[in-house]
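1. with the input below, show me the fold.
(one chain, ligands or ions: 2)
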Amino acid sequence: MNDILPEQSAAWQYLEDTLRTVVHSYGYREIRLPLLEMTELFKRSIGEVTDIVEKEMYTFEDRNGDSLTLRPEGTAGCVRACLEHGLLYNQVQRLWYTGPMFRHERPQKGRYRQFHQIGVEAFGMEGPDIDAEMVLMTARMWHALGLREVTLQLNSLGTVESRMAYRGALVDYLHGCESGLDADSRRRLSSNPLRILDSKNPDMQTIIENAPQLPDYLDAESRADFGEICAILDDAGVGYEVNPRLVRGLDYYTKTVFEWVTDRLGAQGTICAGGRYDGLVEYLGGRPTPGTGFALGLERMIALLEVHAIELPDSNPHVYLVLSGVQGIRRGMVFAGELRDAVSGLRLQVNCGDGSFKSQFKRADKSGAHYALVIGDDEAGQGSVALKPLRSDMEQEMLSQQMAAPRLRELLDI
Ligand code: ATP
Ligand code: MG
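-> Residues are numbered from 1 along each chain as shown. Ligands and ions are numbered 1, 2, ... in the order given. Next up, the predicted model:
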């Protein structure tokens, strides 16, 4: 679990602002959800035989003896909230949320125990247009952030029926190579064999590569939907790779699934993952309702922004206000408020804690500000203020306090 320190938060804000602007441009609305849910919700929705439920959840009993869990992902809570508040009744929903998720994993680069996601979910639409919209929205996000080296992988898991047919073939094949299976996979062979394809164990990769392939077992409807998504992506100029071994880590996916991956982040290369989950709402007690969505991992996105050396917008103060003398400080505190009223978007840091001019200018410089304004007792009496550039060889200016706002707007172009 990481602290995000002030020098890192500018990158986080830039990332969050950019992504929020993109989701809003598609008409998605924010839903804010609790961090805790009943444990049962995750067991049901994610599935008992999954890494998350078997070994990654932070679960505890509260004072009433209820078993609660810190959310490991957002979809379950989002569906729970929609059902509880009747948001899925005869209507479609386009929703998004953001915040921390918790999984007790082995911490390593790109893998943490508290991490952050932006999640997007759409309900009530059978697709494939809405699935394509989801993928196009993620492509627009990378574009808005200036990220290029990311690859889209697509697959279709088919309907429940076609998955069953595939499952049979897969189990037959895996029985044939049982001696090569690791302990996890052997256990999953009877409970959840598809999950074996998702194994990260390097020793399992040859067996996985030679396994029968899901697309060969797809039903006609899933095949047609998948073709339609591919056609829309082709028309939009979004490239993709069909990866027949792409199965998602969670139990509830159906039909189209996708991941965005990069080879610039080492082993944890998936930055965004999603797909369709038509069975989930009904499974959690609602009426049959199609659903589709994705989540992207913000820590990995931040790492990718660093790798690409993406330039962040300046978040330092524009102006540092140097104050001295009793009258200077009193006038200055009020003047600062007047300036903030008059110059929208102004970032103005006022010197507090007094100090010599020399030490105040040192702080001004360290703040990253471009200009210092100075008010001492004399300026307070005269209604004037000195303007001093900190990062250019512009001459110092003496202004009336009323003229400071228009002059700053001009200099800062805000
Ligand atoms: P992985 O295969 O890397 O374990 P996952 O399939 O468990 O990922 P999802 O549950 O689909 O991941 O979550 C969506 C995204 O959230 C991932 O693609 C990744 O970017 C991010 N993510 C998941 N787990 C972590 C973690 N422990 N730390 C940081 N980011 C994570
Ligand atoms: Mg995982």
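2. quickly note the distance from Arg140 to Leu152.
-> Arg140 is 13 Å from Leu152, where distance means CB to CB, to the nearest Å. To be clear about C-beta, it is placed using only N, CA and C from the backbone, and glycine gets the same treatment.
3. scratch that, Gln327
-> Where Leu152 is concerned, Gln327 sits at a distance of 63 Å (CB to CB).
4. residues near Val374, how many?
-> 24 (other CB atoms under 10 Å).
5. returning to what we had before: of Gln327 and Leu152, who's got more company?
-> Higher neighbour count among Gln327 and Leu152: Leu152, with 20 against 16, using other CB under 10 Å.
6. my reading is that that one is in a strand; is that accurate?
-> Yes - according to DSSP: H, G, I helix; E, B strand; the rest coil, Leu152 belongs to a strand.
7. skipping adjacent residues, who's closest to it in space?
-> Nearest residue to Leu152, sequence neighbours excluded (CB to CB, 6 or more residues apart in numbering): Tyr240, at 4.1 Å.
8. ok, now which ones touch the residue of the chain found nearest ligand 1?
-> Relative to ligand 1, the nearest point of the chain is Gly297 (2.3 Å; CB to the nearest ligand atom). Contact analysis of Gly297 by CB atoms under 8 Å, 6 or more residues apart in numbering lists 110, 115-117, 270-272.
9. out of these, list just those in strands.
-> Of the contacts of Gly297, the ones assigned to strands by DSSP state E are 115-117, 270-272.
10. which outside residues touch the helix ranked longest in the chain?
-> For the chain, the longest helix by residue count, based on DSSP state H, is helix 6-25. With contacts defined as CB under 8 Å, 6+ apart, helix 6-25 is touched by 4, 96, 98, 118, 120, 137, 140-141, 144-145, 296, 298, 301-302, 305-306, 312-313, 315.
11. what about the chain, any weak spots by pLDDT?
-> Low-confidence segments of the chain (pLDDT under 70): 249-251.
12. and the longest helix of the chain, anywhere near ligand 1?
-> No - against ligand 1, helix 6-25 shows no contacts by CB under 6 Å from any ligand atom, the least distance being 12.8 Å.
13. buried stuff in that helix?
-> Neighbour counts over helix 6-25 (16 or more other CB atoms under 10 Å) mark 11-12, 14-16, 18-19, 22-23 as buried.
14. and what of stretch 161-180?
-> Neighbour count says stretch 161-180 has 162-163, 166, 170, 174 buried, by 16+ other CB under 10 Å.
15. now find how far off-centre it is within its chain.
-> Computed by CA atoms, centre = their mean, to the nearest Å, the separation of stretch 161-180 from the middle of its chain amounts to 35 Å.
16. stretch 40-53 too?
-> 22 Å.
17. which residues touch that stretch?
-> Contacts of stretch 40-53 (CB under 8 Å, 6+ apart): 54, 57, 67, 69, 71-73, 75-77, 79-80, 103, 187-188, 191-192, 195, 249-252, 280, 283-284.
18. and it, anywhere near ligand 1?
-> No - Stretch 40-53 does not reach ligand 1 (CB under 6 Å from any ligand atom); its nearest approach is 7.1 Å.
19. any idea how far apart the tips of that stretch sit?
-> End-to-end distance of stretch 40-53 (CA to CA, to the nearest Å): 10 Å.
20. re earlier: can you list the buried residues of stretch 161-180 in a markdown table and add distance to ligand 1?
-> Supplementary listing: the buried residues of stretch 161-180 in a markdown table, determined by distance: CB to the nearest ligand atom, whole Å:
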| residue | distance to ligand 1 |
| --- | --- |
| Ser162 | 22 |
| Arg163 | 18 |
| Tyr166 | 20 |
| Leu170 | 19 |
| Leu174 | 21 |
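21. just the ones of those in strands?
-> Residues of the buried residues of stretch 161-180 located in strands (DSSP E): none.
22. what's the closest of these to Arg391?
-> Taking CB to CB as the measure, Arg391 sits nearest to Arg163 out of those, at 61.5 Å.
23. please identify the buried residues of stretch 265-276?
-> 265, 268-276.
24. then stretch 136-145?
-> 137-142, 145.
25. how is this protein carved up into domains?
-> Following automatic domain parsing, the chain resolves into domains at 6-159+219-307, 319-412.
26. dump those domains to a markdown table, plus distance to Gln213.
-> Shown next, in a markdown table, are these (distance: least, CB to CB, whole Å):
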| stretch | distance to Gln213 |
| --- | --- |
| domain 6-159+219-307 | 4 |
| domain 319-412 | 55 |
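27. for Glu209, find the nearest of the ones you listed.
-> Ranking the domains of the chain by proximity to Glu209 (CB to CB) places domain 6-159+219-307 first, at 7.6 Å.
28. rewinding a little: just the closest of the ones in strands among the contacts of Gly297 to Ala342, please.
-> Relative to Ala342, the closest of the ones in strands among the contacts of Gly297 is His116; by CB to CB it sits at 36.4 Å.
29. can you pull up the bridge partners for the closest one?
-> Pro100 (DSSP bridges).
30. so of the contacts of helix 6-25, which ones are in helices?
-> 137, 140-141, 144-145, 298, 301-302, 305-306.
31. got the residues of the stretch 151-300 of the chain near ligand 1?
-> 249, 268, 270-273, 295, 297, 299-300.
32. could I get those residues in JSON lines, plus columns for distance to Arg44?
-> Formatted as JSON lines, those follow (distance: CB to CB, whole Å):
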{"residue": "Gly249", "distance to Arg44": "16"}
{"residue": "Gln268", "distance to Arg44": "28"}
{"residue": "Thr270", "distance to Arg44": "25"}
{"residue": "Ile271", "distance to Arg44": "28"}
{"residue": "Cys272", "distance to Arg44": "25"}
{"residue": "Ala273", "distance to Arg44": "21"}
{"residue": "Ala295", "distance to Arg44": "19"}
{"residue": "Gly297", "distance to Arg44": "24"}
{"residue": "Glu299", "distance to Arg44": "28"}
{"residue": "Arg300", "distance to Arg44": "28"}
